[in-house]
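Peer 1: Prediction below, plus the sequence it came from.
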Number of protein chains: 2
Amino acid sequence: MEQRHALALKDAKMKATPKRLAILDMLDAESAYASPEELWKRLRDRFDRLGLPTVYRNLEELAASGVISKVIHPNRQLYYYFCRNREHHHHFVCLSCRKVEDIPSCGIEALEQEVSQRIGGKVLSHILQLNGLCGGCAAAGGTP
Amino acid sequence: MEQRHALALKDAKMKATPKRLAILDMLDAESAYASPEELWKRLRDRFDRLGLPTVYRNLEELAASGVISKVIHPNRQLYYYFCRNREHHHHFVCLSCRKVEDIPSCGIEALEQEVSQRIGGKVLSHILQLNGLCGGCAAAGGTP
DNA sequence: TCCTAAAACGAAATGATTTCCATTTAGGAG
DNA sequence: CTCCTAAATGGAAATCATTTCGTTTTAGGA
């Protein structure tokens, strides 16, 4: 697995430092999104020195390279998610337990086309995310 | 126009205070999204006293009532937009000049259905927004 | 093995947003 | 029209997630 991540970093032209790999590994081991501080707290005992800014920086760089994805959260804090799916897709995120599920197809390319034409401009990106409660949390009467 | 806004506030069970109405009027006069601080600066000369927290509070309450909408911005700051369109719809926002255009139909209801079924949970909300450059900004070589 | 650009440190700064509580006000009741 | 109360506001201060800074360390190609 580390090998896989090291290669992903090489593709992104980022150095495969131990801390960067550890961050990736930790995110990869979850099916939920995590905040920089949470990851930092969990990684601290694996390194005698690990700065919170390092975690922030790495997560941001990894997201910029497309290795991980950002989650849009109502509280507007930063959360990241490691996603094996390399195809263009979107996410359903559970606001209670933070589980993330892929939404494989979105018909947005067509919409982008149409909107570009109509406004005569250029669509650079789109945001599509479904928020809700996963099966378990809904059954348990969870709240966002 | 103020009458229209006062009614909208009554519908939302919010008092029609002068400042609240002024905030709504100012947003309504724009075809672009605005930040709390920008609105505050522009409204300050119309009131001898106007606190920035009041602007933040009002914008948040108005958005919660659905009278105005929030814009999701890459810089993660708060922006708001007044939208006459009372139907469910989404927005194209120009990252350069901040112009907002409606995207009338989204096929997301179907997607919500499908995802709810698949995960056995509940989709509470969805985010869909197209980011880009409007016709004018794209022609002028604008940057996000 | 060296060298250099990239990465990490951690203390400190930042700055948008929120909180607090005292004061004012809108608007329904009488 | 006048009262009354819940809602709204002011303004200073706090919050706190995130970023910056200058220095030190390190990965990895030469």
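Peer 2: Okay, I see it.

Peer 1: Contact residues of chain A facing chain B?
Peer 2: Neighbours of chain B within chain A, by Cβ under 8 Å from any Cβ of the partner chain: A:72, A:76, A:92, A:94-95, A:101, A:103, A:106-108, A:111-112, A:115-116, A:118-138, A:144. C-beta here means a position set from N, CA and C on the backbone, and glycine is covered the same way.

Peer 1: can you pull the contacts of the closest residue to A:S65 other than its chain neighbours?
Peer 2: Counting by Cβ to Cβ, 6 or more residues apart in numbering or on different chains, A:S65 lies nearest to A:A12, which is 3.7 Å off, once chain neighbours are set aside. By Cβ atoms under 8 Å, 6 or more residues apart in numbering or on different chains, the contact list for A:A12 reads A:62, A:65-67.

Peer 1: of those residues, closest to chain B?
Peer 2: A:G66 (15.3 Å; Cβ to the nearest Cβ).

Peer 1: and the closest one, which of the three is it?
Peer 2: coil (DSSP: H, G, I helix; E, B strand; the rest coil).

Peer 1: for A:E61, same thing?
Peer 2: helix.

Peer 1: In terms of pLDDT, where does it sit?
Peer 2: Note on A:E61: pLDDT of 98.

Peer 1: Same list as before, the contacts of A:A12 that is, but in JSON lines and with neighbour count included.
Peer 2: Shown next, in JSON lines, are these (neighbours: other Cβ atoms under 10 Å in any protein chain shown):
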{"residue": "A:L62", "neighbour count": "24"}
{"residue": "A:S65", "neighbour count": "14"}
{"residue": "A:G66", "neighbour count": "12"}
{"residue": "A:V67", "neighbour count": "23"}
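
Peer 1: Mind picking the two most distant members of those?
Peer 2: Distances among those were taken as Cβ to Cβ; the most separated pair is A:L62 and A:G66, at 8.4 Å.

Peer 1: Can you pull out the low-pLDDT segments for chain A?
Peer 2: A:1-2, A:105-106 (pLDDT under 70).

Peer 1: Select the longest strand from it.
Peer 2: Taking DSSP state E as the assignment, the strand of chain A that covers the most residues is strand A:122-133.

Peer 1: Tell me if I'm right that A:Y33 and A:Y80 touch.
Peer 2: Yes: at 6.3 Å, A:Y33 counts as touching A:Y80 under the criterion of Cβ atoms under 8 Å.

Peer 1: intersection of neighbour lists for these two?
Peer 2: Common contact partners of A:Y33 and A:Y80 (Cβ under 8 Å, 6+ apart): A:V71.

Peer 1: Can you name the next helix or strand after the one helix or strand A:A6 maps to?
Peer 2: For A:A6, the host element (DSSP states H and E) is helix A:2-11. Per DSSP H and E, the first helix or strand lying C-terminal to helix A:2-11 is helix A:18-28.

Peer 1: ok and the helix holding A:A6 relative to helix A:18-28, angle-wise?
Peer 2: Helix A:2-11 and helix A:18-28 are oriented at 110 degrees to each other (axes from the mean of the first three to the mean of the last three Cα atoms, to 10 degrees).

Peer 1: isn't A:K70 right up against A:L62?
Peer 2: No: between A:K70 and A:L62 there is no contact under Cβ under 8 Å: 9.9 Å.

Peer 1: anything in contact with each of those two?
Peer 2: Joint contacts of A:K70 and A:L62 (Cβ under 8 Å, 6+ apart) are A:Y80.

Peer 1: Tell me how far A:D28 lies from B:D102.
Peer 2: Going from A:D28 to B:D102 by Cβ to Cβ, to the nearest Å gives 39 Å.

Peer 1: Over to A:I72?
Peer 2: Counting by Cβ to Cβ, the gap from A:I72 to B:D102 is 21 Å.

Peer 1: Next: A:E101.
Peer 2: Taken as Cβ to Cβ, the span from A:E101 to B:D102 is 29 Å.

Peer 1: now A:M26
Peer 2: Applying Cβ to Cβ, the value for A:M26 to B:D102 is 41 Å.

Peer 1: can you give me phi and psi for A:R44?
Peer 2: Backbone torsions for A:R44, taken as degrees, to the nearest 10, come to phi -60, psi -40.

Peer 1: and A:L128, what are its bridge partners?
Peer 2: B:L128 (DSSP bridges).

Peer 1: Identify the residues contacting it.
Peer 2: Residues near A:L128 by Cβ under 8 Å, 6+ apart: A:90, A:103, A:106, A:108, B:108, B:126-128.
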